[in-house]
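Trainee: got a structure for you, letters missing:
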């Protein structure tokens, strides 16, 4: 499987996402896009990528996209206040899936982002999140 142009191994590692590797990401004008080829470790018993995985990666992509619009020296982090995922189709083993951020709105205390999950060029889900902005003391 050929990784789409511009993607590289995802720069942000965590114990939560380790079982889902390999994950890929690339920067866009709006932030960070996370992508993966759906495989066994991503799927439920019916062979579809689990909605919880799609939700978690969407939260990750939207949060990183918001964070990319802040001064890293002042940002203490972002905490998810709300996340919505409206599924429109499924993702199957072997599919290339991307969590794409289209719009970010940043404020002093709150940040929001909207986007979509794209599978093989088609929308699989509409995504959005609101985050509490934490500042370094």
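Mentor: Received, thanks. Here the structure is a predicted model, which means the values were calculated and not measured. Numbering: from 1, shown residues only.
Trainee: so who does residue 60 touch?
Mentor: 12, 17, 34, 99 (CB atoms under 8 Å, 6 or more residues apart in numbering). Every C-beta, even on glycine, is put in place using the N, C-alpha and C of the backbone.
Trainee: what about those residues, which are in strands?
Mentor: 34, 99 (DSSP state E).
Trainee: tell me how many other residues crowd residue 107.
Mentor: Look at residue 107: counted by other CB atoms under 10 Å, it has 8 neighbours.
Trainee: tell me which helix or strand the residue nearest to it when sequence neighbours are not counted sits in.
Mentor: Leaving out its chain neighbours, the residue that sits closest to residue 107 by CB to CB, 6 or more residues apart in numbering is residue 133, at 7.2 Å. For residue 133, the host element (DSSP states H and E) is strand 122-135.
Trainee: pull up the pairing partners for that strand, direction included.
Mentor: Its sheet considered, strand 122-135 pairs with strand 75-87 (antiparallel), strand 110-119 (antiparallel) by DSSP bridges.
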